[in-house]
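Enquirer: take this sequence and fold it.
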Amino acid sequence: MIDTPYYHCISRCVRRDFLCGEDKVTGKSFEHRRQWIEDKLFALSDVFSIDICAYAVMSNHTYLVLFVDEQQAKAWSVDEVLNRWHQLFKGTLLTQHYCRGDKLIDSLYNIVMETVEVYRQRLMDISWFMRLLNESIARKANIEDNCTGRFWEGRFKSQALLDEAALAACMAYVDLNPVRANIAKTPEDSAYTSIKKRVEKVKTAEQPQKLLPFIGNPRKDMPKGLPFELIDYLELIEITGRCIREDKKGDIDENQPILHTRLSISPENWLTLTKEFRMLFHGAIGHSEVLSDCCEHRGLKRQKMLLTVRNYSPSS
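Expert: As a prediction, the model looks like this:
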């Protein structure tokens, strides 16, 4: 049983290597590695039953907010599971025989069915998703640098996002990272981020196909998607990005026109969010009731789960 389908995942480079920018010692640019991350991220999402809510590829970090679609994975046929897994790995001799249409005796057929269930679980597992993402980038970087050894700090870190407030706060934190780091002046200028892709599509009143769409406020028989209005999220991003913080390098300049004016977007297509998410919250995040339920499921003490979103105020 899972407590939530939403997770915040963070990976960090371990050595003096970068995913973007220029190495001041060698003068070498690593900007192209950000494209590696973005391309692989989308490719894996097409195969896994995992959708991308938000992402930001920074100088030596990647931040992701992922949605695990367990219902979709459980609905896949045997052929669908094997076809997807075989895009990532060769599988076994038996799964290959099955996919070719070879007739299998009952005992071998049963082994294939057991293997399919293992693959099905892996295709909705964020650990497998992050492993394939990070290992592929590490291999390419090591080849390019002509070296061996670790590229990433270690296993990725993850946080469970237990309710809509936690989800919205985390997505905004991720989307505003380049602005806070003073890498970009505005969200729409933030290269290799989900917010840039969303804003580009807002201009044409569309949503990016590669990202989990916003489908409006919670209601009965909701379709798959983020439980917010796109306009509300964009407003949250804009307002939060304009908040000046003394401990951060950047923010949206007060002289910048508001986002929908900058992009000639009608007020109907507009959205926004939060800051300093990772520093404030650790472990699972949500309001008191869902945190208590999560702790009960995991056998943890409530005190060890940090703050709830509703207990936090921007002045704290």
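Enquirer: could you give the number of residues near residue 134?
Expert: Residue 134 has 20 neighbouring residues, counting by other CB atoms under 10 Å. Placement of C-beta: from N, CA and C, glycine included.
Enquirer: and the strand or helix carrying it, what does it pack against?
Expert: Per DSSP states H and E, residue 134 falls inside helix 126-145. Judged by 3 or more CB pairs under 8 Å, 6 or more residues apart in numbering; DSSP states H and E, helix 126-145 is in contact with strand 6-12, helix 32-47, strand 61-68.
Enquirer: report the separation between residue 197 and residue 54.
Expert: As defined by CB to CB, to the nearest Å, residue 197 lies at a distance of 10 Å from residue 54.
Enquirer: which residues are in contact with each of these two?
Expert: Common contact partners of residue 197 and residue 54 (CB atoms under 8 Å, 6 or more residues apart in numbering): residue 211.
Enquirer: retrieve the pLDDT associated with the residue of the chain positioned farthest from its centre.
Expert: Distance to the chain centre peaks in the chain at residue 105, reaching 42.3 Å (criterion: CA atoms, centre = their mean). Model confidence at residue 105, given as pLDDT, is 96.
Enquirer: how close does it sit to residue 144?
Expert: Going from residue 105 to residue 144 by CB to CB gives 48 Å.
Enquirer: just the strands from this protein, written as ranges.
Expert: Ranges of strands in the chain, per DSSP state E, are 6-12, 50-57, 61-68, 157-160.
Enquirer: among those, which is nearest residue 121?
Expert: Among the strands of the chain, strand 61-68 comes nearest to residue 121, with 11.1 Å by CB to CB.
Enquirer: poorly predicted segments of this structure, please.
Expert: Residue ranges of the chain with pLDDT under 70: 1-2, 15-26, 244-316.
Enquirer: which of residue 197 and residue 54 has more residues huddled nearby?
Expert: Neighbour count, other CB under 10 Å: between residue 197 and residue 54, residue 54 has more, with 26 against 20.
Enquirer: domain ranges for this protein, per the record?
Expert: If you go by automatic domain parsing, the domain ranges for the chain are 6-22+50-66+151-278, 77-122.
Enquirer: okay if I get the ones you listed as a markdown table plus distance to residue 133?
Expert: Formatted as a markdown table, those follow (distance: least, CB to CB, whole Å):
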| stretch | distance to residue 133 |
| --- | --- |
| domain 6-22+50-66+151-278 | 8 |
| domain 77-122 | 11 |
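Enquirer: most tightly surrounded among those domains?
Expert: Stretch with highest mean neighbour count among those: domain 6-22+50-66+151-278 (a mean of 19; mean count of other CB atoms under 10 Å).
Enquirer: that one: how far from the chain's middle?
Expert: Remark: domain 6-22+50-66+151-278 is offset 10 Å from the chain centroid, using CA atoms, centre = their mean, to the nearest Å.
Enquirer: what segments of this protein are helices?
Expert: For the chain, the helices defined by DSSP state H cover 32-47, 70-75, 78-85, 93-100, 106-122, 126-145, 164-175, 177-180, 194-202, 230-241, 259-262, 277-280, 288-298.
Enquirer: just put the ones you listed in TSV and tack on distance to residue 3.
Expert: Listed next are the helices of the chain as TSV, based on distance: least, CB to CB, whole Å:
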stretch	distance to residue 3
helix 32-47	22
helix 70-75	12
helix 78-85	25
helix 93-100	32
helix 106-122	17
helix 126-145	13
helix 164-175	11
helix 177-180	25
helix 194-202	24
helix 230-241	23
helix 259-262	34
helix 277-280	18
helix 288-298	4
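Enquirer: out of those, nearest to residue 10?
Expert: Nearest to residue 10, of all the helices of the chain, is helix 277-280, at 7.0 Å by CB to CB.
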